[in-house]
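Peer 1: please work out how this folds:
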Amino acid sequence: MIATTVMAMASVAFVSVMNFSGYAMLDITQQTEFNKAASNTTFKIIQRTRYSHTFEVSNNGNTLVLSFDDDYITDTDGDGNFYNDTDHQETFEYAPTDVDGSGTISHQSSANEAPQAILTNALPIGSSAIFEVNGQNPRQIDIQFRLLNQIANNGRTQKIDISTSAYRLNGQDGT
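Peer 2: Here you go, the predicted structure:
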């Protein structure tokens with residue numbers, strides 16, 4: 001009877017350790033995917049901003065519109081410069097979709113295409129705008145958002161705060 005009780009207690013302990021290990025691995029895997037999604041989104045915004053000729057941020061800071069010169073041989077705007085036209089526009093937009101304010105960051109690569117969600121569960125950090133032109137450097141966009149993720153099968157949440165900047169390399173200052 002003592003041996004049976006000891007075996008039962010050892011079995012319960014073993015199952016508990018395995019259960020905890022399983023949840024830990026699930027948490028690590030989800031956090032890795034979470035980090036990857038935040039990194040890919042941030043990289044895409046930075047990369048596209050870097051090569052844009054102009055950018056514009058909406059008043060509420062939820063929309064970033066980037067302009068590009070797709071045809072460097074043609075002077076589309078007729079100003080005598082072939083390299084500074086704004087033939088093409090792309091849009092990054094944060095749209096709240098949930099009661100808690102979390103939403104989606106989407107990318108629209110042309111006016112003819114529908115926006116594609118590139119990140120879900122995004123939130124502003126406090127009262128900061130998602131996109132903001134830096135007051136000291138008109139070529140700099142500050143990007144700030146928080147990701148909040150409810151982990152499946154338990155009550156814990158994971159969050160990541162992203163705060164970075166993108167610098168436009170093309171175009172003239174002030175545009």
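Peer 1: can you give me the helices for this protein?
Peer 2: In the chain, the segments counted as helices under DSSP state H are 2-51.
Peer 1: got any ranges where it has weak pLDDT?
Peer 2: Low-confidence segments of the chain, defined by pLDDT under 70, span residues 71, 76-78, 82-85, 150-155, 171-175.
Peer 1: burial count for Ser11?
Peer 2: 10 (other Cβ atoms under 10 Å). (Glycine included, C-beta is placed from N, CA and C.)
Peer 1: Asp69 now?
Peer 2: For Asp69, the number of neighbouring residues by other Cβ under 10 Å comes to 23.
Peer 1: what's the answer for Ala95, then?
Peer 2: Close neighbours of Ala95, defined as other Cβ under 10 Å, add up to 13.
Peer 1: contacts only, for the residue nearest to it when sequence neighbours are not counted.
Peer 2: For Ala95, ignoring the flanking residues on the chain, the nearest one in space by Cβ to Cβ, 6 or more residues apart in numbering is Gly103 at 5.0 Å. With Cβ atoms under 8 Å, 6 or more residues apart in numbering as the criterion, the residues that contact Gly103 are Tyr94, Ala95, Pro96, Thr97, Thr120, Ala122, Leu123.
Peer 1: residues in contact with the last one?
Peer 2: For Leu123, the contacting residues are Asp100, Gly101, Ser102, Gly103, Phe145, Arg146, Leu147, Leu148, taking Cβ under 8 Å, 6+ apart as the criterion.
Peer 1: mind putting those into CSV with distance to Asn60?
Peer 2: Converted to CSV, the contacts of Leu123 look like this (distance: Cβ to Cβ, whole Å):
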residue, distance to Asn60
Asp100, 18
Gly101, 13
Ser102, 16
Gly103, 12
Phe145, 14
Arg146, 17
Leu147, 20
Leu148, 20
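Peer 1: now the residue nearest to the spatial centre of the chain: closest residue in space, sequence neighbours ignored.
Peer 2: Within the chain, the residue whose C-alpha comes closest to the C-alpha centroid is Thr41; the distance, by Cα atoms, centre = their mean, is 3.9 Å. Spatially, and ignoring its direct neighbours in sequence, Thr41 is nearest to Leu119 (4.3 Å; Cβ to Cβ, 6+ apart).
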